[in-house]
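Undergrad: Give the three-dimensional model of this entry:
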Amino acid sequence: MIKNYKNKGVAMITAMMIVAIVSLITINLLWENTLNTRKVITNINRDQAIQVAIGVESWVKELLIQDAKISESDHLGEFWARQLPNLPIDGGLIKGEIYDLQSNFNINNLVKKNGEVDQNQLKFFERILSNLNLNPIIANAIIDWIDSDQYTTYPDGAEDDIYTKLNPAYRTANQKIISVSELLAISSINMEVYEIMEPYVTSIPEYSKINVNTAPPLILKSLDDGISESQIKRLIEERRGTGYDDITVTFKPILDSNNLLNVTNKTNYFQLKLQVKIDNISILMYSMIKREPQNSASIVYRSFGTI
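TA: Coordinates of the predicted model:
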């Protein structure tokens, strides 16, 4: 009798263990299935968000083309200069902004196509750095990063002999800067300096002029030596609404003839900053758009997450 009770007890414990093991396996399978399902949904949402972003990018290109057809200048009163309204989509929304890249100094203007330093642009950039209370000789390290030779620009220039001694070691790009964030790799530019400089510089792949209709006050002040604060206030007030009627008439009295060649009222390069949210996915896309003179536009580069 006692033996039967023992057998029944062992059977019951065995059955309970089997049920527990099966339950544990079932829970693990359900959890893995839930994770896999979530991963698939996340990947689908991400792919959808990217396609939506590229679609908006195409729409913005068309808007910029149409703007060129109806407007002889680009200014802060135009539609693209305002933040795009939030656009609701299935399961999320779209946020976007368009920036005039020619409102800031093009860092690639420092070195000409033939490899020589553009002295006029160098002085312009040095004035910008001085007005930002930064040391103007920072420009020399940037020049060495862009130019194709290994001759150090003095003072405070830096070629491969500096960068190859770092850990990790790397070399100068010896080409145009693709993204302004690349400046962080350059000697003499730390995060503090970069954050001060970044709002006033850009990296357009070819020579570009400053659009005075959209340029911030500090850029306008840096166009030439001796421009006063009262002149800057007058310039900002004069362009309010539809921009300057005639930039030559406005700027000839305050700019040297060589510096007058650095300004325009038209823009060819824009940047689209776009955020797309779908469910738990959020992507950030930056696109550099070049508006061509033949009523067309093209994407120079596109990046996700960072400039």
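Undergrad: Looking at the lengthiest helix in the chain now, give me its mean pLDDT.
TA: Ranked by residue count, the top helix of the chain under DSSP state H comes out as helix 2-70. Helix 2-70 shows a mean pLDDT of 77.
Undergrad: Next: stretch 174-194.
TA: On average, stretch 174-194 scores 95.
Undergrad: can you pull the buried residues of it?
TA: Lys176, Ile177, Ile178, Val180, Glu182, Leu183, Ile186, Ser187, Ser188, Ile189, Val193 (16 or more other C-beta atoms under 10 Å). Placement of C-beta: from N, CA and C, glycine included.
Undergrad: for stretch 214-232, same thing?
TA: Buried residues in stretch 214-232 (16+ other C-beta under 10 Å): Thr214, Ala215, Leu218, Ile219, Leu220, Lys221, Ser222, Leu223, Asp224, Ile227.
Undergrad: from the chain's centre, how far out does it sit?
TA: Centroid separation for stretch 214-232 versus its chain: 24 Å, with C-alpha atoms, centre = their mean, to the nearest Å.
Undergrad: Please apply the same query to stretch 16-26.
TA: With C-alpha atoms, centre = their mean as the basis, stretch 16-26 stands 54 Å off its chain's centre.
Undergrad: go on, stretch 148-160?
TA: With C-alpha atoms, centre = their mean, you get 27 Å for stretch 148-160.
Undergrad: quick one on the thing from earlier: what angle separates the helix or strand following the longest helix of the chain from helix 2-70?
TA: The helix or strand immediately downstream of helix 2-70 is strand 84-89, counting by DSSP states H and E. Strand 84-89 runs at 140 degrees relative to helix 2-70, counting by axes from the mean of the first three to the mean of the last three C-alpha atoms, to 10 degrees.
Undergrad: Give me the distance from strand 84-89 to the chain's centre.
TA: For strand 84-89, the distance to the chain centre is 21 Å (C-alpha atoms, centre = their mean).
Undergrad: that older thread, what is the nearest of the buried residues of stretch 214-232 to Ile94?
TA: Nearest to Ile94 among these: Thr214, at 23.7 Å, using C-beta to C-beta.
Undergrad: I'd like to know how far that closest one sits from Thr250.
TA: 14 Å (C-beta to C-beta, to the nearest Å).
Undergrad: can you give me the end-to-end distance of stretch 151-161?
TA: End-to-end distance for stretch 151-161: 10 Å, by C-alpha to C-alpha, to the nearest Å.
Undergrad: could you pull out the strands for the protein?
TA: 84-89, 92-100, 105-106, 201-202, 210-211, 263-264, 269-278, 281-292, 296-304 (DSSP state E).
Undergrad: Now those strands in a markdown table, please, with extra columns for mean neighbour count and mean pLDDT.
TA: A markdown table is the format used below for these (neighbours: other C-beta atoms under 10 Å; pLDDT from 0 to 100):
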| stretch | mean neighbour count | mean pLDDT |
| --- | --- | --- |
| strand 84-89 | 12 | 84 |
| strand 92-100 | 18 | 93 |
| strand 105-106 | 24 | 98 |
| strand 201-202 | 22 | 98 |
| strand 210-211 | 25 | 98 |
| strand 263-264 | 19 | 97 |
| strand 269-278 | 21 | 94 |
| strand 281-292 | 18 | 93 |
| strand 296-304 | 14 | 93 |
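Undergrad: Output these as a markdown table; include the columns distance to Ser58.
TA: Conversion of the strands of the chain to a markdown table gives the following (distance: least, C-beta to C-beta, whole Å):
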| stretch | distance to Ser58 |
| --- | --- |
| strand 84-89 | 14 |
| strand 92-100 | 13 |
| strand 105-106 | 26 |
| strand 201-202 | 23 |
| strand 210-211 | 24 |
| strand 263-264 | 26 |
| strand 269-278 | 11 |
| strand 281-292 | 10 |
| strand 296-304 | 9 |
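Undergrad: Out of the ones you listed, the one nearest Asn135 is which?
TA: Once the strands of the chain are compared by C-beta to C-beta, strand 201-202 is nearest, at 15.3 Å.
Undergrad: Appreciated, that's everything.
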